[in-house]
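Participant: take this sequence and fold it.
(2 chains)
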2 protein chains.
Amino acid sequence: MPERRIFVVRHGERCDFAFSKTGTWNNSFDSRGRYNPQDINLPRNLPKRSDGWQAFLSDTPLTEIGYLQSKLTGRAFRDQNLEIDHVFCSPALRCVQTAIGLLKGMGIEKRINISIDPALYEWMTWTRHSRPSWIPARDLKKLGYPIKDNYVPCMTEKELKLSETLSDYYNRSFAMINKVISECPEGNILIVGHGATLETCTRQLVGADIRSSDDFYYLVQNTPYLACIEAASRNGLWNLVGSPIPPFSHTFNRSFEPIQLMTNDLQSIKNERQERDRQLRTTQ
Amino acid sequence: MPERRIFVVRHGERCDFAFSKTGTWNNSFDSRGRYNPQDINLPRNLPKRSDGWQAFLSDTPLTEIGYLQSKLTGRAFRDQNLEIDHVFCSPALRCVQTAIGLLKGMGIEKRINISIDPALYEWMTWTRHSRPSWIPARDLKKLGYPIKDNYVPCMTEKELKLSETLSDYYNRSFAMINKVISECPEGNILIVGHGATLETCTRQLVGADIRSSDDFYYLVQNTPYLACIEAASRNGLWNLVGSPIPPFSHTFNRSFEPIQLMTNDLQSIKNERQERDRQLRTTQ
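Facilitator: Residues are numbered from 1 along each chain as shown, chains lettered A, B, ... in the order given. Now for the predicted structure:
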């Protein structure tokens, strides 16, 4: 048996990506920021945030399916009798919600608190060189989220470099995982982060070299929601051992247009849809 | 206000379609029919059926996501204060499970029982001229499903014609909806069926002509899971009024391959995947 196990998980389906083609997510806020979800897959309610409703557009929550993905994945952990003793999480709302879904699925949301660490945030290059806005850990706790309030993060939000190279990002992640390991000398660790976190939090830990940016992009593009990788230690040496749980795959579901059933002139609906699809392709 | 409302809903994501490319669903049964799901999205348990485990492969259950789609859609009905008084359902397992998810999401699963009717089964041409095998209503009831046990269906399983033309199918559906309306002189009606049910159970009801097979196929292909159409009556005349609930759309999630993170030779993984994708394309 390994002495220690670390599980790194990507967050679930995010509202902005799920509705990027249709604008349904942005259109669910009126000009005063009042939220009225236009799709059953958008969250029914949003938490209050002191940085204003616009912050949801860059710090996106999970869709309903995303949250359910998280709970089902937590249940898969429980089905495999995988025990979790410590949870560390990126401050991005989608990650915090995923961590809560995982803990709920495992049935341990009342027993374990989540440590929020900016060092687990995604590569700063992807924030387009602007400082991201997150709900502070103390506010998440006030919202009733199970957050550890005396946790001192690896780095503060302001220490994240706006112009961060890929190797900076690998090194930040490596520093984070080393801090976690030294702070938690016993028990299994769950890390909830982004697509790249599976790679960057484990690569140097197992003694391997940082990847080329081509390979890095390939990995990120092929890391679906709720993907999980396990690192295990024996005699103090860490190895990647695969995923501790089965994969999680499902198909997409398009938005339904009831007008197609209500018309006798179906041809004009077909033409309209073809034209819309053509425009989507040419504007992308 | 309309006097009566009928809501027709398609079932949720089905196991066979969701895993048709990978074989994961069929591979979750061993040679003796023991079930061990190979993906988190496959149902954790299957109900017992007296017609043997192979029947699951043609009478497919919902995936986990499919069941969650149903519950969220039921919640959307409740959010719109839509009251349901009668539920009629195709005998296909995916439809029965969808009906239960809808009732649970509406919070009325203890109050309303489901009437199972073979007349709501999909176009017999799609069963490839073999008699489908379903779990009998009395067995569903024994499994704890909320099934109405004194319901006399519009037609028996054996009365379904194996060589059914498209207009036969429209006429069967029209006969079914007329029976439902005359049997339930008051209250709102929920019909749970297949992609085509939205069209075939409403088309002649609103006084329109049966569609060409081209148009019919177009409609079925553009009717996603949990699509819903409402027919409402005023002064005894029925009209289609659109969907009573918002659309439900989400993206897909691929199966994760952890090996990509464990190798230093990522190029061979890339090549393998390309070759697999190429073969999938050429064999389809």
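
Participant: ranges for the helices of the stretch 51-200 of chain A?
Facilitator: In the stretch 51-200 of chain A, the segments counted as helices under DSSP state H, counting those that start in this stretch are A:55-58, A:64-79, A:93-106, A:137-142, A:166-183, A:197-200.

Participant: can you list the neighbours in contact with the longest one?
Facilitator: When you say that, I think you mean helix A:166-183. Applying CB atoms under 8 Å, 6 or more residues apart in numbering or on different chains, the external contacts of helix A:166-183 come out as A:4, A:6, A:86, A:88, A:117, A:119-120, A:123-125, A:154-155, A:160-161, A:164, A:189, A:191, A:196-197, A:200-205, A:210, A:213, A:216. To be clear about C-beta, it is placed using only N, CA and C from the backbone, and glycine gets the same treatment.

Participant: kindly export it (C-alpha atoms) in CSV.
Facilitator: C-alpha atoms of helix A:166-183 as CSV (Å, rounded to 0.1, in the frame of the first residue of the first chain):
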residue,chain,number,x,y,z
LEU,A,166,4.7,28.5,-18.5
SER,A,167,7.7,27.5,-16.5
ASP,A,168,6.7,30.0,-13.8
TYR,A,169,3.3,28.3,-13.7
TYR,A,170,4.8,24.8,-13.4
ASN,A,171,7.1,26.1,-10.6
ARG,A,172,4.3,27.8,-8.7
SER,A,173,2.3,24.6,-8.8
PHE,A,174,5.3,22.6,-7.7
ALA,A,175,5.9,25.0,-4.7
MET,A,176,2.2,24.6,-3.8
ILE,A,177,2.2,20.8,-3.9
ASN,A,178,5.4,20.7,-1.8
LYS,A,179,3.9,23.0,0.8
VAL,A,180,0.8,20.8,0.9
ILE,A,181,2.8,17.6,1.4
SER,A,182,5.0,19.1,4.2
GLU,A,183,2.0,20.6,6.0
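
Participant: report the buried residues of it.
Facilitator: In terms of neighbour count (16 or more other CB atoms under 10 Å in any protein chain shown), helix A:166-183 has its buried residues at A:166, A:169-170, A:172-174, A:176-177, A:179-181.

Participant: next one: the second one
Facilitator: Within helix A:64-79, the residues that qualify as buried by neighbour count (16+ other CB under 10 Å) are A:64-78.

Participant: list the contacts of the helix or strand bottoming out on mean pLDDT in chain A.
Facilitator: Lowest mean confidence among the helices and strands of chain A (mean pLDDT, DSSP states H and E): helix A:266-283, at a mean of 84. Here helix A:266-283 makes contact (CB under 8 Å, 6+ apart) with A:21, A:257, A:259-260, A:263, B:211, B:215, B:218-219, B:222.

Participant: report the buried members of the residues you listed.
Facilitator: A:257, A:260, B:211, B:215, B:218-219, B:222.

Participant: output the residues you listed in TSV; the columns should cover secondary structure.
Facilitator: Listed next are the buried ones among the contacts of helix A:266-283 as TSV, based on DSSP: H, G, I helix; E, B strand; the rest coil:
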residue	secondary structure
A:257	coil
A:260	helix
B:211	coil
B:215	helix
B:218	helix
B:219	helix
B:222	coil
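
Participant: and those as TSV, adding pLDDT and distance to residue B:140?
Facilitator: Listed next are the buried ones among the contacts of helix A:266-283 as TSV, based on pLDDT from 0 to 100; distance: CB to CB, whole Å:
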residue	pLDDT	distance to residue B:140
A:257	95	33
A:260	96	33
B:211	97	33
B:215	96	35
B:218	97	33
B:219	97	29
B:222	96	31
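
Participant: closest one of these to residue A:235?
Facilitator: When these are compared for distance to residue A:235 (CB to CB), residue B:222 comes out closest, at 58.5 Å.

Participant: any idea how far residue A:257 is from residue A:60?
Facilitator: Going from residue A:257 to residue A:60 by CB to CB, to the nearest Å gives 25 Å.

Participant: near chain B, from the contacts of helix A:166-183?
Facilitator: Among those, proximity to chain B is found for A:202-203 (CB under 8 Å from any CB of the partner chain).

Participant: give me the buried subset of the contacts of helix A:166-183.
Facilitator: A:4, A:6, A:86, A:88, A:117, A:119-120, A:123-124, A:154-155, A:160, A:164, A:189, A:191, A:196-197, A:200-205, A:210, A:216.

Participant: export the least confident helix or strand of chain A as CSV, just CAs?
Facilitator: Extracted as CSV, the C-alpha positions of helix A:266-283 are listed here (Å, rounded to 0.1, in the frame of the first residue of the first chain):
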residue,chain,number,x,y,z
LEU,A,266,-40.7,23.6,-41.9
GLN,A,267,-38.5,24.5,-44.9
SER,A,268,-38.1,28.1,-43.7
ILE,A,269,-37.0,26.9,-40.2
LYS,A,270,-34.4,24.6,-41.9
ASN,A,271,-33.1,27.5,-43.9
GLU,A,272,-32.8,29.8,-40.9
ARG,A,273,-31.0,27.2,-38.9
GLN,A,274,-28.6,26.5,-41.7
GLU,A,275,-27.8,30.2,-42.1
ARG,A,276,-27.3,30.6,-38.3
ASP,A,277,-24.9,27.6,-38.3
ARG,A,278,-23.0,29.1,-41.3
GLN,A,279,-22.6,32.4,-39.5
LEU,A,280,-21.4,30.7,-36.3
ARG,A,281,-18.8,28.9,-38.4
THR,A,282,-17.5,32.0,-40.2
THR,A,283,-17.4,34.2,-37.1
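
Participant: what is the neighbour count of the nearest residue to residue A:149 once chain neighbours are set aside?
Facilitator: Nearest residue to residue A:149, sequence neighbours excluded (CB to CB, 6 or more residues apart in numbering or on different chains): residue A:141, at 5.7 Å. When neighbours are defined as other CB atoms under 10 Å in any protein chain shown, residue A:141 has 16 of them.

Participant: mind checking pLDDT for residue A:141?
Facilitator: Looking at residue A:141, its pLDDT stands at 95.

Participant: point out where the stretch 1-150 of chain A drops to low pLDDT.
Facilitator: A:1-2, A:129 (pLDDT under 70).

Participant: who in it is up against chain B?
Facilitator: A:13, A:17-19, A:22, A:24, A:37-41, A:44, A:63-65, A:68-69, A:72-73, A:75-76, A:79.

Participant: export the contacts of helix A:266-283 as a markdown table, with columns for distance to residue A:107.
Facilitator: Below are the contacts of helix A:266-283 laid out as a markdown table (distance: CB to CB, whole Å):
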| residue | distance to residue A:107 |
| --- | --- |
| A:21 | 37 |
| A:257 | 40 |
| A:259 | 45 |
| A:260 | 44 |
| A:263 | 49 |
| B:211 | 50 |
| B:215 | 50 |
| B:218 | 46 |
| B:219 | 44 |
| B:222 | 40 |
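
Participant: looking at the stretch 1-150 of chain A, which residue is nearest chain B?
Facilitator: Per CB to the nearest CB, residue A:40 is where the stretch 1-150 of chain A lies closest to chain B, at 3.9 Å.

Participant: re earlier: in a markdown table, list the helices of the stretch 51-200 of chain A along with distance to residue B:146.
Facilitator: What follows is those, written out as a markdown table (distance: least, CB to CB, whole Å):
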| stretch | distance to residue B:146 |
| --- | --- |
| helix A:55-58 | 39 |
| helix A:64-79 | 23 |
| helix A:93-106 | 26 |
| helix A:137-142 | 39 |
| helix A:166-183 | 48 |
| helix A:197-200 | 43 |
